[in-house]
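Q: Take a look and give me a structure for this.
(chains A and B)
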Amino acid sequence: DAGITQSPRYKITETGRQVTLMCHQTWSHSYMFWYRQDLGHGLRLIYYSAAADITDKGEVPDGYVVSRSKTENFPLTLESATRSQTSVYFCASSLTGIPQPQHFGDGTRLSIL
Amino acid sequence: QKEVEQNSGPLSVPEGAIASLNCTYSDRGSQSFFWYRQYSGKSPELIMFIYSNGDKEDGRFTAQLNKASQYVSLLIRDSQPSDSATYLCAVKFARGDSARQLTFGSGTQLTVLP
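A: I've put the predicted structure just below:
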């Protein structure tokens, strides 16, 4: 049972570059989420998706793009990376929407130089 | 602005004691509350969740809701060094844009001393 996997686990890139973080889940969960975690801010929602081809903004969506062409995949793209986007990014999924609990992937630690 | 507040700690308790972690929330109509544990460098792991209809006990963990004062507590009985982690509280707000999302607190760091 692979659950939810994120790739890469670590990424270093430069400002202005495009970078895509991948998230794949094997549970056939309807909902998927992207969070970033920074010291002092806790987890903040970037985007979420209720189903394939349905996405919606969270608390901090600026500078990010998502897509969900297949239920199991939910990639997050930073179109032009900035240093302020250096963070740990977590993908999560839940069977249905809230109040169902969310299950998290292992995270991607992204550094932008 | 919908908010979830937690004391960042660190909270230190001796092994075998009861650890009590609190979380306050701003939306009186909130009905779903979640507690996650996060070890350093790891992803959040769901411990338990409760709805507004009552408290919940699961092994050494108890989640309690005080709707009048708008806080939710997590009690850890017989605390073990392996419980040392950051505990995140998350709330689903009842109204506004945040109603479809979980809002997380910044977490309380717990250290259980052997």
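Q: For the residue lying closest to residue B:67 once chain neighbours are set aside, report the pLDDT, please.
A: Counting by CB to CB, 6 or more residues apart in numbering or on different chains, residue B:67 lies nearest to residue B:52, which is 6.5 Å off, once chain neighbours are set aside. In short, each C-beta sits where N, CA and C put it, glycine included. What the model reports for residue B:52 is a pLDDT of 83.
Q: how many other residues sit next to residue B:52?
A: 14 (other CB atoms under 10 Å in any protein chain shown).
Q: For it, give me phi and psi.
A: Dihedral angles of residue B:52 (phi, psi; degrees, to the nearest 10) stand at phi -70, psi 0.
Q: wait, isn't it in contact with residue B:30?
A: Yes - if you go by CB atoms under 8 Å, residue B:52 and residue B:30 touch, sitting 7.4 Å apart.
Q: Tell me what the most centrally placed residue in chain A is bridged to.
A: Per CA atoms, centre = their mean, the C-alpha nearest to the average position across chain A is that of residue A:34, at 3.0 Å. For residue A:34, the beta-bridge partners under DSSP bridges are residue A:47, residue A:91.
Q: Let me see the ranges of the strands in chain A.
A: Secondary structure of chain A (DSSP state E): strands located at A:4-7, A:10-13, A:19-25, A:31-38, A:42-51, A:54-57, A:64-66, A:76-78, A:87-94, A:103-104, A:108-112.
Q: helix or strand for residue B:12, which one?
A: Using DSSP states H and E, residue B:12 sits in strand B:11-14.
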